[in-house]
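Enquirer: Below is the sequence, then the predicted model.
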Amino acid sequence: MQAGNERVPSPTPALLGGLSVALLAVVIYSVYTSHQLATMRDLQERLVDRYRRASLQLLRIQDNLNELALAMRDMLDRNEPYPLAAWSAPLGRIRRDLDDALRSEAALDSSAPPDAGAQVTSSLAQFWSAFDRALEQSRPGGDAEREALRQIRDSLQPRRDAIASQIARRLVHNNEAGQRAAQQVAGIHARVQRNAYLFLAAMLALILFTGTLAIVFNRRLFHRITELSAQRSTLSRRLITAQEETLRSVSRELHDEFGQILTAIGLMARRTGRQAAARQDTELADGLAELQSVAQEALDKVRGLSQSLQPVILQESGLLATVGWYLPVVERQTGLDIHYTPPAHGFDLPAASAIHVFRVLQEALNNVVRHSGSPTAEVRIRRDAGHAILEVEDAGRGLPAAPSGSGVGLAGMRERARLIGGSLDLLSAPLGGTLVRLKLPLAAQPEPL
Amino acid sequence: MNAALSRRDLLALGLAPALASAAGPAFTLADATQAAGLGAFRHNTGAYGAKFLPETLGPGCAFLDYDNDGWLDILLMNGCDWPGHRRRRSTPALFRNNRDGTFTDVTRAAGLDLELYGMGVAVGDFDNDGFPDLFLSCVGQSRLLHNNGRGRFVDVTARAGLLGRESFSTSALWFDYDRDGLLDLFVCNYVQWSPARDIFCALDGRNKSYCTPEAYRGATCWLFRNRGNGTFEDVTARSGIFDPTSKSLGVALLDINGDGWPDLFVANDTRPNKLYVNQRDGRFEEQGLAYNVAFSEDGKARAGMGADAAWLDGSPYPSIAVTNFDNERIGFYQRTGSHRYEDTAVRSGIAGPSRTTLGFGCLFADLDLGGSPALIVANGHIDDTVRHIRRDVGHAQPPHLFVPSGAGSYRDIAPQAGPEFATPRVARGLAAGDFNRDGSLDLLFTTNGGPPALFRTAAAPGRHAIRFHLEGRRSNRDAIGAIVGLDDRGIVQTAMVRSGSSYLSQSERTVHFGAGRRDSIARVTVQWPSGRKDEFRNLATGRAYRCVEGESPRVLDRF
């Protein structure tokens, strides 16, 4: 029993430790990832989105400058019947939108050199100032109009072109800065992605380690449980075998010793009774006859008890004959109406197994009488594909919804079934009641202990 | 008036649109074109293979009462053969209402037997003599025609000072922008095109096709101020309207800020729409961007064609509908905040059906007399080979008839309005007017190169209209720009006496409201262009009223 005293260490601390490490790793990684994402979001908002918005504003400025170019072209074409001053309204719209776009772009604080915005603003201010002067001084059809048109052609158009070039350069610069910021974001993204993979790998390793640990502990536990089960089985077999030995011994003792004594008492009483009759001692002869009768009755009871404890017939004639003998006895003793269906073809079981089958039958019928309330019982023994099957079926109240009581009898039946390599099922009978089925292989019956 | 709301009132309060849309239209649309005698008219595009840009864009139409007999007559615009390719004579056509559902062609007698490449028409009594005059927008020289009151129009283009102003003119409208009691003229111009300036465009590099407007320079709209002596002053530049980048096709009159001064919304093709807000000093300030009506929701300048504005769902501010190219969807701008509009076409269910249609004429009209105007759209592509490029888009297209279905949503019930109405057409112009005086708004479509289509509307029995024929005294006699408001137990409706709107077309001048099953309207107000405000109480529905500025309304014998 050394194994029974061996203490198996609990895996719980190790598993809890692994879980704690995993949780800690998740927390650390979450904090790290949040920080990285916040950095990335900040970078994206601060730089990439800003560059994108700045580019949109620069495109808007470019669009306005193009509108301005078209307006100046139309002014120089002079194909409208309106004075140059009529262009004030559309130019005013362009100017307002241009100023708004420049303000919006400046507010974004893009990558442009600090003085770039000021340069454009200054250039535009000079441009509009010159434009306003030209329009104010223009008079339809006169020299002033021609001078204004000359200013537009020779001065304002080149200035517009120069401003457009500045904007185009800033757009290119802005786009390049945007690309650099996008690359930065991509770098952070790649780093976060790489760290995510590392974290996943670490977590996987941790899970593998914890899992392996759990498997090792499980295997140990399973092995231990198997050992304990085997020990328990051995003990049970020994216990049952010892019980059977004791019963057999008691039975033999009752049959051989007490039977002989009672037989001798009977013979002696009969002989002495004859002698008393020869001596005309009627009173003594009657007493001895009564003694002989009591001795015979005691002998019958002892023999019956002996058969019950360990049917000799089981040793001598086998299981089927024993069942054939036993069932009428039960019917007589209990009043139970038993219908027995023997196997179509006989088969043998070793005595060591047969006693267990017989004990299961006894316990099953005992349960029918005590618990089922059924007046009848079916007992069937058959052979089926290398197995011997014993079925005891009643027509009683059936299995309880929830098992009650200690169930020692049922446990004993299961233990006996296991001892002989079989199985025991407790089923609901098709027509109600309970069906006890013992199934055991005919081959490889265990040797008696 | 009973203060308690009856079931009838509840229906009028809002259940009616949802129930009506669920059960189908609460009105019928019957094709009256042939019966009316309009079936013989054919629009002449002048096309002979040169693929000139104007060929795909006309014509417009108008409901007007040119002889002042109280019955609406019909004017159909027409193109003509191009110089050097004369095959037949074609003129606009004026049809006089015979008061029995039929019309008589009086074009020649009315002096409209004019060969011109007509596009649109604006009807307005510019000299306040009580008879409607005409401005015919044309490719080339547009015409101003004075109604002499004896059934004849006289060309006063030269006398009015408009001769020599040649352009590719499209929609036009009359309005009194300076509130001096005289109607001024606003004219949309499309692009700088003439046969001599035509550009060769080809899809396959060999065969000429119709150019897109990007190929041409834009053209400024014109504003002509009525001097009151039969002449007009070009105030385009002074008023701030001048903008040669525009490519304008449609214009709608509205009061965007509720200040009582008329503003203008101009639909531009491939250019931002323009919103000219009246500065009350003879100038306009363009605020399309500020009001967020210049572009689509994704910031794109769409191919704006026609436009209309109407006060919807009791809002104190008008909503604007703009028809666009296929795949661009109709723009449906509604006020969502201070000085801020939002294109709600997607949310309202208008965008979906209009994805595969190219819209031109559009107008809001209360066809079922339920109190909530529907949006009717005339559709038709400009490219007769479009089916080869896009399988789901045809040259001829069915119209849209968007009816309110509750909670600001609309449902296109054109297919349920009858097979005649839903017939695909290459439609352009669209006007509304009650030509048979039954109290329901009838619809007139024109088609490019085809016949017109006149639909007689009949609302469900038991629904009433209430209509107002306004006549200004201090205001312009047509009362264009007057705003009529209905207020009855919390239900508010507003409409403006308008010129222009839709596309190249002119609807009746009469202000029309659907009153549902209400027997009367508790309060009616008229905000005249002069600034005067008249108020009338408890007017019975199912009637038409003649309202003269400063006088009590007079019930007319019929609508």
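Expert: Everything's here; your move.
Enquirer: Buried residues of stretch B:535-552, list them for me.
Expert: B:536, B:539, B:541-549 (16 or more other C-beta atoms under 10 Å in any protein chain shown). Every residue, glycine included, has its C-beta placed from N, CA and C.
Enquirer: Quick check: end-to-end length of it?
Expert: Across stretch B:535-552, the terminal residues are separated by 9 Å (C-alpha to C-alpha, to the nearest Å).
Enquirer: Name the nearest residue to the residue of chain B found nearest chain A, sequence neighbours excluded.
Expert: Proximity of chain B to chain A (C-beta to the nearest C-beta) peaks at B:A237, 3.0 Å away. Of all residues beyond its chain neighbours, the one nearest B:A237 is A:A86 (3.0 Å), with distances taken as C-beta to C-beta, 6 or more residues apart in numbering or on different chains.
Enquirer: go on, B:P59?
Expert: Across the structure, with C-beta to C-beta, 6+ apart as the measure, the residue nearest B:P59 apart from its sequence neighbours is B:M77 (3.8 Å).
Enquirer: So which bits of chain B are right by chain A?
Expert: Where chain B comes near chain A, counting by C-beta under 8 Å from any C-beta of the partner chain, the residues are B:165, B:192, B:217, B:220, B:234, B:236-238, B:240-245, B:286, B:289.
Enquirer: switch to 10 Å and redo it
Expert: Within reach of chain A by C-beta under 10 Å from any C-beta of the partner chain, chain B has these residues: B:164-165, B:192, B:217-220, B:234, B:236-246, B:274, B:283-290, B:299.
Enquirer: and B:P415, how many neighbours does it have?
Expert: By the criterion of other C-beta atoms under 10 Å in any protein chain shown, B:P415 has 12 neighbours.
Enquirer: ok, now how distant is it from B:P398?
Expert: When C-beta to C-beta, to the nearest Å is applied, the distance between B:P415 and B:P398 equals 7 Å.
Enquirer: try A:G432
Expert: 76 Å.
Enquirer: okay, those two: which has more neighbours?
Expert: Using other C-beta under 10 Å as the criterion, A:G432 and B:P398 rank with B:P398 on top: 22 against 13.
Enquirer: so what's that one up against?
Expert: Contacts for B:P398 were tallied using C-beta atoms under 10 Å, 6 or more residues apart in numbering or on different chains; they are B:353, B:357, B:377, B:379-380, B:412, B:414-415, B:417, B:419, B:421-425, B:427.
Enquirer: Which among these count as buried?
Expert: Neighbour counting over those (16+ other C-beta under 10 Å) leaves B:353, B:357, B:377, B:379-380, B:412, B:414, B:417, B:421-422, B:425, B:427 as the buried ones.
Enquirer: ok, now which ones touch the residue nearest to B:A237?
Expert: Contact analysis of A:A86 by C-beta under 10 Å, 6+ apart lists A:75, A:80, A:135, A:140, B:220, B:234, B:236-238, B:240-244.
Enquirer: of all the residues in chain A, which ones are close to chain B?
Expert: Checking chain A against chain B by C-beta under 10 Å from any C-beta, the hits are A:56, A:60, A:67, A:70-71, A:73-75, A:77, A:79-90, A:92-94, A:96-97, A:100.
Enquirer: Apply 7 Å and report the result again.
Expert: Residues of chain A that fall close to chain B, judged by C-beta under 7 Å from any C-beta of the partner chain: A:67, A:70, A:74, A:80, A:82-83, A:86, A:89-90, A:93.
Enquirer: re earlier: and the residue nearest to B:P59, how many neighbours does it have?
Expert: A count of nearby residues for B:M77, using other C-beta under 10 Å, gives 27.
Enquirer: For residue 156, give me its contacts.
Expert: Unless you meant another one, I'm taking chain A. The neighbourhood of A:L156, defined by C-beta atoms under 7 Å, 6 or more residues apart in numbering or on different chains, consists of A:72, A:127, A:130-131.
Enquirer: hmm, I had chain B in mind actually
Expert: Contacts were defined as C-beta under 7 Å, 6+ apart; by that measure B:V156 touches B:144-146, B:230.
Enquirer: again with A:L76
Expert: Applying C-beta under 7 Å, 6+ apart, we find A:L76 in contact with A:149, A:152-153.
Enquirer: For the stretch 51-200 of chain B, which segments count as strands?
Expert: Residue ranges of the strands in the stretch 51-200 of chain B, as given by DSSP state E, counting those that start in this stretch, are B:61-64, B:73-76, B:93-97, B:103-105, B:118-124, B:133-141, B:143-147, B:153-155, B:166-175, B:184-189.
Enquirer: which residues sit against the last one?
Expert: Just to be clear, that refers to strand B:184-189. B:135, B:137, B:142, B:167-177, B:219-226, B:232, B:248-251, B:264, B:266.
Enquirer: Okay, now the sheet partners of whatever helix or strand comes next after it, with direction.
Expert: Once the chain leaves strand B:184-189, the next helix or strand it forms, by DSSP states H and E, is strand B:201-202. Each strand paired with strand B:201-202, and its direction, by DSSP bridges: strand B:208-209 (antiparallel).
Enquirer: What helices and strands are in contact with the helix or strand that the strand it pairs with is followed by?
Expert: Towards the C-terminus, the helix or strand next in line after strand B:208-209, according to DSSP H and E, is strand B:222-226. Using 3 or more C-beta pairs under 7 Å, 6 or more residues apart in numbering or on different chains; DSSP states H and E as the contact test, the elements touching strand B:222-226 are strand B:184-189, strand B:232-234, helix B:236-239.
Enquirer: Could you tell me the angle between strand B:222-226 and strand B:118-124?
Expert: With axes from the mean of the first three to the mean of the last three C-alpha atoms, to 10 degrees as the criterion, the two stretches strand B:222-226 and strand B:118-124 enclose an angle of 30 degrees.
Enquirer: Strand B:222-226 - which strands sit beside it in the sheet, and in what orientation?
Expert: Those paired with strand B:222-226 in the sheet (DSSP bridges) are strand B:184-189 (antiparallel), strand B:232-234 (antiparallel).
Enquirer: what would these look like in TSV with mean neighbour count?
Expert: Formatted as TSV, the entries for the strands paired with strand B:222-226 read as follows, by neighbours: other C-beta atoms under 10 Å in any protein chain shown:
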stretch	mean neighbour count
strand B:184-189	27
strand B:232-234	18
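Enquirer: so can I have CSV of the ones you listed showing distance to B:D434 and mean pLDDT?
Expert: Listed next are the strands paired with strand B:222-226 as CSV, based on distance: least, C-beta to C-beta, whole Å; pLDDT from 0 to 100:
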stretch, distance to B:D434, mean pLDDT
strand B:184-189, 26, 98
strand B:232-234, 31, 97
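Enquirer: Save these as a markdown table, and put in distance to A:N174 too.
Expert: Supplementary listing: these in a markdown table, determined by distance: least, C-beta to C-beta, whole Å:
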| stretch | distance to A:N174 |
| --- | --- |
| strand B:184-189 | 38 |
| strand B:232-234 | 44 |
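Enquirer: nearest to B:R329, of those strands?
Expert: The closest approach between B:R329 and any of these, judged by C-beta to C-beta, belongs to strand B:184-189 at 21.9 Å.
Enquirer: How far off centre is that closest one?
Expert: Here the centre of mass of C-alpha atoms in strand B:184-189, compared against the chain's by C-alpha atoms, centre = their mean, to the nearest Å, lies 14 Å away.
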